[in-house]
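>>> No sequence on hand, only this structure:
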């Protein structure tokens, strides 16, 4: 859950993300990725589809077809990235010792900024489907990329520096040795030094940038552990949290029967053959795939059929039938099916549907909603507010505190981000989508 906290913490794994072709997707893990996790992932996937994804993004960004590796070794991956260069108003700028921007008092040279710039282009492509041509033709598109590039620098480095200084957190000799070891282990897992260099080039990395990213991953891990976990400065104390869980105005335990729009849709004959042997997750996927193929009238008919089923289940629930059995017999929430303890959340939780949170807090403990809740994404819900299971809370208290603290920590980090001073080079306003390669 800590990795969900703000853009800064979502960017903890940025250390070698382009190397693996990943994006900033959130994770529900309780702890942030370590440099070891990130680099191991890089090494293990150096020749698989993840790396291919990065290469494809690099090629799209560079706007040219791949050239063969200069070594002539056909077993090596192709070089897809152009040579580093900076062009402003048709003039080539000397990039040696060129400072593109200064963030929180730290200078970022061209090569480091270039890494973040192409990381950001990769984000835009993976999250929004926006390739270089799209960015070129959309008003403000390039400016948006440049703004987000600065934000990525702020989030993955500058905010970490601020928090580390605030907590008097530094890297000791053991940390530095671990960083060096991790870097060396990353290199070893490539088939050759030549392959490592090609992949570094395609990922817009230098050895110095990779080492610095591993260093920041380690520093971020220490900041997270010291300040956001284990009774850290910004973590709710365990004794306080136990009282919060019992406060029905602040915290809730919820279960529900979820009935999606698609569940009454007819399947094709081929899917029907294996449907009964499918897992709940695969059954739901099959239903969803059939639903999306329907026209508007067909979808409306499916919704009405799902509502009729949901109304029937609601009547059973209000008549006193065992709610956990109703979840088992009629529910399509695959997470609840796998772990029937239900959901715990505060009013401020941002990772759970807001309408379910709002509805739950209108109920008393052990009360079932008198009507259906409709959600356009998930379908129909019959909601029950449960009493908290304090033995469960005690067993999972660290992760639950992390989730509870997330909104406040997110707000705090956002406020710190806004205080960061950014200075850009004199040519900044003259850059365009073709300036950086």
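Received the coordinates, thanks. As the structure is a computational prediction, the values presented were derived from the model and not from experiment.

>>> Pretty sure residue 253 sits against residue 383.
No. Contact criterion CB atoms under 8 Å: residue 253 and residue 383 do not qualify, at 11.5 Å. Any C-beta I mention is one placed from the backbone N, CA and C, and that applies to glycine too.

>>> Quick check: bridge partners of the spatially closest residue to residue 373 that is not a sequence neighbour?
Spatial nearest neighbour of residue 373, chain neighbours left out: residue 381 (4.3 Å); criterion: CB to CB, 6 or more residues apart in numbering. Here residue 381 shows beta-bridge partners residue 258, residue 373, assigned using DSSP bridges.

>>> Tell me how many other residues crowd residue 381.
Counted with other CB atoms under 10 Å, the burial measure for residue 381 works out to 24 neighbours.

>>> Shouldn't residue 155 be within a helix?
Yes. In this structure, residue 155 lies within a helix as judged by DSSP: H, G, I helix; E, B strand; the rest coil.

>>> Give me the neighbour count for it.
Residue 155, neighbours per other CB under 10 Å, totals 24.

>>> Quick check: it vs residue 124, distance?
From residue 155 across to residue 124, the span is 16 Å (CB to CB, to the nearest Å).

>>> Which positions in stretch 233-246 come out as buried?
When burial is assessed from 16 or more other CB atoms under 10 Å, stretch 233-246 yields the following buried residues: 234, 235, 236, 241, 244, 245.

>>> quick one: which of these sit in helices?
Within the buried residues of stretch 233-246, membership in helices is found for 241, 244, 245, as judged by DSSP state H.

>>> Now the nearest residue in space to residue 232 that is not next to it in sequence: phi and psi?
On the basis of CB to CB, 6+ apart, the spatially nearest residue to residue 232 that is not a chain neighbour turns out to be residue 226, at 5.4 Å. Dihedral pair for residue 226: phi -80, psi -30, per degrees, to the nearest 10.

>>> swap in the one 5 residues further on?
In terms of degrees, to the nearest 10, the main-chain angles of residue 231 are phi 60, psi 30.

>>> Give me the nearest residue to it, chain neighbours excluded.
The spatial neighbour of residue 231 that comes closest, neighbours along the chain excluded (CB to CB, 6+ apart), is residue 237 at 5.7 Å.

>>> First-to-last residue distance for stretch 368-381?
One end of stretch 368-381 to the other measures 11 Å (CA to CA, to the nearest Å).

>>> let's number from 15 now, not from 1
Understood, numbering begins at 15; the last thing we discussed is stretch 382-395.

>>> In it, which of the residues would be classed as buried?
Buried residues in stretch 382-395, counted by 16+ other CB under 10 Å: 382, 383, 386, 387, 389, 392, 393, 394, 395.

>>> Where does the residue nearest to the second one when sequence neighbours are not counted sit, in terms of helix or strand?
When you say that, I think you mean residue 383. Taking CB to CB, 6+ apart, and ignoring the residues beside it in sequence, residue 383 has residue 397 as its nearest neighbour in space, at 4.4 Å. Taking DSSP states H and E as the criterion, the element that holds residue 397 is strand 393-400.

>>> ok, the residue lying closest to residue 264 once chain neighbours are set aside - contacts?
The shortest distance from residue 264 to any non-neighbouring residue, by CB to CB, 6+ apart, is to residue 258 (5.4 Å). Residue 258 makes contact with 250, 264, 265, 360, 418 under the criterion CB atoms under 8 Å, 6 or more residues apart in numbering.

>>> Restricted to buried residues, select these in ChimeraX.
In ChimeraX, selecting the buried portion of these, with burial taken from 16+ other CB under 10 Å, looks like this:
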select :250,265,360,418
